[in-house]
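J.: No letters, just coordinates:
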């Protein structure tokens with residue numbers, strides 16, 4: 001998170017925090033970090049991270065490559081995730097619905113542009129073109 005306490009002191013802003021519990025202001029970016037809060041969140045993050053690793057290992061099984069970088073927080077491209085065993089393949093949501101899940105009926109919820117939307121888009125382009133030509137905005 002961000003710590004704004006030094007900036008607040010520098011410009012003379014006083015933090016006023018009202019809570020009904022001793023930990024209600026936990027990790028407030030406008031207050032100094034307490035060592036006990038930092039220790040608590042680190043323990044919590046460690047537990048969540050272990051649960052995540054265990055769940056992925058259980059779900060992916062032997063498909064996972066044994067790589068020390070796998071659970072460090074790095075991100076991977078689609079192709080890299082396949083090579084590491086994190087995914088089985090690449091495809092769009094439509095492909096997965098049709099080919100993997102074999103859904104019989106797929107409903108496309110993509111919003112369709114109305115006549116007014118299309119007209120407004122064209123009007124905007126036309127207005128920009130007029131301004132560009134008449135006011136030398138290039």
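T.: Yep, that arrived. Computed from a prediction, not measured in an experiment: that's the story for all the values here.
J.: for the nearest residue to residue 28 once chain neighbours are set aside, helix, strand, or coil?
T.: With CB to CB, 6 or more residues apart in numbering as the measure, residue 17 is the residue that lies nearest to residue 28, at 6.3 Å, once sequence neighbours are left out. The way it works is simple: take the backbone N, C-alpha and C, and place the C-beta from them, glycine included. Classification of residue 17 by DSSP: H, G, I helix; E, B strand; the rest coil places it in coil.
J.: so how far is residue 77 from residue 17?
T.: 43 Å (CB to CB, to the nearest Å).
J.: Identify the residues contacting stretch 94-114?
T.: 91, 121 (CB atoms under 8 Å, 6 or more residues apart in numbering).
J.: buried stuff in that stretch?
T.: residue 97 (16 or more other CB atoms under 10 Å).
J.: First-to-last residue distance for it?
T.: Stretch 94-114 has an end-to-end distance of 24 Å (CA to CA, to the nearest Å).
J.: what about it, average pLDDT?
T.: The average pLDDT within stretch 94-114 is 89.
J.: how far away is residue 24 from residue 41?
T.: 15 Å.
J.: the more surrounded of these two?
T.: residue 41 (14 against 10; other CB atoms under 10 Å).
J.: ok, and residue 55, which helix or strand is that part of?
T.: Under the criterion of DSSP states H and E, residue 55 resides in helix 35-60.
J.: Any buried residues in that helix, and which?
T.: So for helix 35-60, counting by 16+ other CB under 10 Å, buried means residue 37.
J.: from the chain's centre, how far out does it sit?
T.: 18 Å (CA atoms, centre = their mean, to the nearest Å).
J.: try stretch 93-102
T.: That offset, for stretch 93-102, works out to 24 Å (CA atoms, centre = their mean).
J.: And it, end to end?
T.: 12 Å.
J.: hmm, back to that, check the average confidence over the helix holding residue 55, would you?
T.: So the average pLDDT for helix 35-60 ends up being 96.
J.: what's the next secondary structure element after it?
T.: Taking DSSP H and E, what comes next after helix 35-60 is helix 78-84.
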